[in-house]
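1. A predicted structure for the sequence below; I have some questions about it.
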Amino acid sequence: MNKTKQNKIIDKCFGFLGIAATLFGLIMLLVFIIDVLSDGLGRINWSFFTSFPSRKPEQAGILSAWVGSVWTMFITAMIALPLGIGAGIHLEEYARKSRLTNFIEINIANLAGVPSVIYGLLGLGLFVRYLQLDRSVLAGGFTLALLILPVIILSTREALRAVPFSMREASYAVGATKWQTVRYQVLPAAFGNILTGIILAMSRAVGETAPLITIGALTYIAFLPQSPIYFSSGFPYLHFSLKGLFDPFTVLPIQIFNWVSRPQKGFFTNAAAGIIVLLGLTLIMNTLAIILRHHHQKKIRW
Amino acid sequence: MKKMILFITGIALGISNFISPVMAETKLIKVDGSSTVFPITEAVAEEFQKQHGSIKVMVGISGTGGGFKRFCRGETDISDASRPIKQKEKDAARENGIAYIEIPVAYDGLSVMVNPKNTWVDHLTVKELKKIWETAAQGVVTKWSQVRDGFPDQEIRLFGPGTDSGTFDYFTEVICGASGASRGDYTASEDDNVLVEGIASDKLALGYFGLAYYEQNKDKLKIVPIDDENDVNGSGAVTPSLETVMNSTYQPLARPIFIYVSTAAAKKEEIQKFVEFYLENAAGLVAEVGYIPLSNSAYKAALERFKRRLTGSVFGNKSLSGMDIDSILSMQGK
């Protein structure tokens, strides 16, 4: 056998190995999805979304869980976005290269890899105990915000870095200040990629269970948090309230976790249905990220 | 246009902020603690909230120990507990000025399980269980043949709850002689379903957990009758069931489970309503979620105890028979 033939065989083998490696993950995922779908799809109906959890599996629903998830995500976003994007802009556009910024950068990269349960412990010590937020949505939101903050900072920086430097130079050349350059040139150009990063970070946060269990959100809750805006029949009709920030809460992954640990078979079906809803939610968020990026890339030409 | 809308909403929100919200004050009852007691309290909370719409009840799962930690700091109104309060926890409560009323709500039978393919075990004695689970057995008792002559010379694989659980505390207390005195080389999980699956898929397995999980998995598990070698409460090996737990022949692995109500919280009307509702409806709901109810007279005595605000703990760390509970409930707590 000559050398060329041998190389070709090796080449083919490696191709197969690559395909096998790719298929392995995909098939596992497919098996999981099919298994969950076959277990839980029949359970998903309107009342599943509009019922509170119950001791009777066939009456139990995810109302408090999905409302809690949406509410927690909203608060997480309100906290993490300004901080994360602000820090990203500072580090990429303003900060001078120094030992300190180097140190900060390394630490942010490290923080992105810290297991989520550690953030839960931090949240328990800092927000629940020390700041006495108790086991409220606000404590949960802060904890998840800390968790996704490094990811948002990193993706903001990536996005800013992708904007060609010539754009900044052009802006300075016509007399723009640094802030004007960032505000009117760099941020709009990087917006799509920043948004993509944010949505991916949020879709990670929506599935997080460990940090929320640590701060004590593993709870039976059959009521909804106080809505931030509500109406009354008398003047002034429209009310604004922050009380909902301090209400106890539960989220989808925790409801699923609770159901999986129950002895009755009916709760497994409920858990599977909950997983489908959660998968659907993550899928929608990721799709949104892809669409936004695509849409944005079409708009920008340089 | 966009700015206009924002402007108007801003003004509206601003105004309403200054006017105090006109809405019914909702009351919140905070319960936390044992995962074993959780299904009962959850069922009670569910029915209670159907009748009292303005009162919200949250029921957490932090484990008996975790629940007491919060309770003794005054963070919760009621603590679910699958064992009586420990001395350490009593001290912590006293330090923080927390007094409590101890109320038994049901029985839980701990059941010992083997795989259905296990042909050799027809019963076990308490002594044999001790031999398997005590601290000294770690790394030593590794084969079935070491448990009893005639058992196969094959590995024994153990499954049990983790150290945070009241079930673990209770089992080690009554079997090994001291709370927590267990060997460590077994598969531990706080999730009983993991134990069920583990035992169901391993012919050489042995494990223990709450009776409710056996009831739901009868086809996958074989329950082991237990002989405490004390003929006073039924001779020979006894299989745990509704009857044998209630008439106290299944000993020592049947235990009462509790709620602890803080006396500060008991001053509030909504807590009084909740606890009274709990005891009046416990019998039916307890059975519905797979646990074993106390006798009607015990529920009455417990309610009496709550109404008279008898504080302190009267249940020592010992197993109790049904006849005892009534008399114990009238005792003064320590």
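-> Yep, it's here. Quick caveat, the model's predicted, so the values are computed rather than measured.
2. contacts and neighbour counts: CA atoms only from here.
-> Will do.
3. Contact residues of the stretch 151-300 of chain B facing chain A?
-> Contact residues (Cα under 8 Å from any Cα of the partner chain) of the stretch 151-300 of chain B with chain A: B:Asp191, B:Asp192, B:Asn193, B:Ala212, B:Tyr213, B:Gln216, B:Asn217, B:Val289.
4. For chain A, what is the nearest residue in chain B?
-> Nearest residue of chain B to chain A, counting by Cα to the nearest Cα: B:Gly60, 4.0 Å away.
5. How about the contacts made by the residue in the stretch 201-302 of chain A that chain B sits nearest to?
-> In the stretch 201-302 of chain A, the residue found nearest to chain B is A:Thr219; the distance is 4.0 Å by Cα to the nearest Cα. Contacts for A:Thr219 (Cα atoms under 8 Å, 6 or more residues apart in numbering or on different chains) come out as A:Phe249, A:Thr250, B:Met58, B:Val59, B:Gly60, B:Ile61.
6. ok, now A:Ile199?
-> A:Met285, A:Asn286, A:Leu288, A:Ala289.
7. how does it look with 6 Å?
-> A:Ala289 (Cα atoms under 6 Å, 6 or more residues apart in numbering or on different chains).
8. beta partners of the residue of the stretch 201-302 of chain A closest to chain B?
-> B:Gly60 (DSSP bridges).
9. just the residues of chain A that are near chain B, which are they?
-> A:Arg55, A:Leu218, A:Thr219, A:Tyr220, A:Ile221, A:His239, A:Phe240, A:Ser261, A:Pro263, A:Gln264 (Cα under 6 Å from any Cα of the partner chain).
10. Could you list the low-pLDDT ranges of chain B?
-> B:1-25, B:234, B:316-334 (pLDDT under 70).
11. And the strands in it?
-> In chain B, the strands defined using DSSP state E lie at B:27-33, B:55-60, B:78-81, B:100-114, B:124-125, B:157-160, B:187-188, B:205-210, B:222-223, B:226-227, B:254-262.
12. which helices and strands sit right next to the second one?
-> In this structure, strand B:55-60 makes packing contacts with strand A:219-221, strand B:27-33, judged by 3 or more Cα pairs under 6 Å, 6 or more residues apart in numbering or on different chains; DSSP states H and E.
13. now do the last one
-> Contacts defined by 3+ Cα pairs under 6 Å, 6+ apart place strand B:254-262 against strand B:78-81, strand B:100-114.
14. Can you report how many residues lie near A:Leu131?
-> A:Leu131 has 12 neighbours, counted by other Cα atoms under 10 Å in any protein chain shown.
15. if I look at it, how far off is A:Leu138?
-> 11 Å (Cα to Cα, to the nearest Å).
16. cool, and B:Arg157?
-> For B:Arg157, the distance to A:Leu138 equals 45 Å [Cα to Cα].
17. okay, these two: which has more neighbours?
-> Between B:Arg157 and A:Leu138, counting by other Cα under 10 Å, A:Leu138 is the more crowded of the two (24 against 20).
18. which stretch of helix or strand covers the more buried one?
-> Assessed by DSSP states H and E, A:Leu138 sits inside helix A:137-161.
19. Could you dump the residues of chain A next to chain B into CSV with pLDDT added?
-> Shown next, in CSV, are the residues of chain A next to chain B (pLDDT from 0 to 100):
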residue, pLDDT
A:Arg55, 87
A:Leu218, 76
A:Thr219, 81
A:Tyr220, 86
A:Ile221, 85
A:His239, 71
A:Phe240, 74
A:Ser261, 82
A:Pro263, 79
A:Gln264, 81
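20. Which one of those is nearest to A:Gln6?
-> Nearest to A:Gln6 among the residues of chain A next to chain B, counting by Cα to Cα, is A:Ser261 at 54.7 Å.
21. burial count for the closest one?
-> The number of residues near A:Ser261, taken as other Cα under 10 Å, comes to 17.
22. ok, now which ones touch it?
-> B:Asp191, B:Asn193.
23. can we see that at 8 Å?
-> Contacts of A:Ser261 (Cα under 8 Å, 6+ apart): B:Asp191, B:Asp192, B:Asn193.
24. Quick check: it vs A:Glu208, distance?
-> Counting by Cα to Cα - A:Ser261 and A:Glu208 are separated by 17 Å.
25. most centrally placed residue in the chain?
-> I'll assume chain A. A:Met202 (1.8 Å; Cα atoms, centre = their mean).
26. that's the wrong chain, I meant chain B
-> B:Ser82 (3.0 Å).
27. what's the burial count for the closest residue to B:Thr244 other than its chain neighbours?
-> Leaving aside its sequence neighbours, B:Thr244 sits nearest to B:Tyr250 (Cα to Cα, 6 or more residues apart in numbering or on different chains; 5.1 Å). Counted with other Cα under 10 Å, the neighbours of B:Tyr250 add up to 27.
28. now the strands for chain A?
-> Using DSSP E, strands in chain A cover A:219-221, A:229-231, A:238-240.
29. The last one pairs with which strands?
-> Under the criterion DSSP bridges, strand A:238-240 sits next to strand A:229-231 (antiparallel) in its sheet.
30. ok now do the residue of chain B closest to chain A, which residues does it touch?
-> B:Gly60 neighbours (Cα under 8 Å, 6+ apart): A:Gly216, A:Ala217, A:Leu218, A:Thr219, A:Tyr220, B:Val31, B:Asp32, B:Gly33, B:Phe38.
31. Ok, B:Phe274 next?
-> Per Cα under 8 Å, 6+ apart, neighbours of B:Phe274: B:Phe48.
32. how close does A:Ala205 sit to B:Gly67?
-> Taking Cα to Cα, one finds A:Ala205 at 27 Å from B:Gly67.
33. same question, A:Ser203
-> On the measure of Cα to Cα, A:Ser203 and B:Gly67 end up 31 Å apart.
34. Now for residue 200, how many residues are close by?
-> Just going to use chain A. A:Leu200 has 22 neighbours, counted by other Cα under 10 Å.
35. not quite, I wanted chain B
-> B:Ala200: 22 neighbours (other Cα under 10 Å).
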